[in-house]
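Engineer: quick one, structure for this:
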Amino acid sequence: MTSQELTHLNKIFSEEKFINKSIVFYDGECPMCISSVRFILKRDKKKKKFYFANLRHRLKNPTSIELYQSGLMYTQSEAIAKILIEIGGIYKYVGKLILLLPIAFTNKIYHFISTNRTKFSKVQQYCESIPSEYSDKFILE
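Structural biologist: Model (predicted):
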């Protein structure tokens, strides 16, 4: 992400409703990504810390999840770790463990999964939609 894009996001997300919130950018056409969004939504019911934006609005072929948090952008394994920490519970410790490992190593694992995500999700022939009760959690669609 360029500094110009980050400046643009800072303007968009400076609204009061986004203060102290995290925005997860995901591939809206990837069943594995949609499953990840559902995973986060299910665990974020009380905290209400996450909003979501489809990466397809600005990238033709996204290959990485991105997390915008407190004016900073995290990608790949670092984004996953930060999301898990924010979710809390046992996931917080998994996220912290990921951050303890060398970023080059965890990003290689992330890249392998990302590159092969269609193979991993071929079992799922359709992409489940997100329940309408969460529609207010999605922006920039």
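Engineer: that's a strand at residue 53, yeah?
Structural biologist: Yes - counting by DSSP: H, G, I helix; E, B strand; the rest coil, residue 53 falls inside a strand.
Engineer: partners of it in the sheet?
Structural biologist: residue 25, residue 139 (DSSP bridges).
Engineer: pretty sure it contacts residue 27?
Structural biologist: No - between residue 53 and residue 27 there is no contact under Cβ atoms under 8 Å: 11.0 Å. (Glycine included, C-beta is placed from N, CA and C.)
Engineer: is it true that residue 88 touches residue 46?
Structural biologist: No - Residue 88 is beyond contact range of residue 46, at 9.5 Å (criterion: Cβ under 8 Å).
Engineer: from residue 114, how far out is the residue most central in space within the chain?
Structural biologist: By Cα atoms, centre = their mean, the chain has its centre lying nearest to residue 24, at 3.5 Å. Here residue 24 is placed at a distance of 15 Å from residue 114 (Cβ to Cβ, to the nearest Å).
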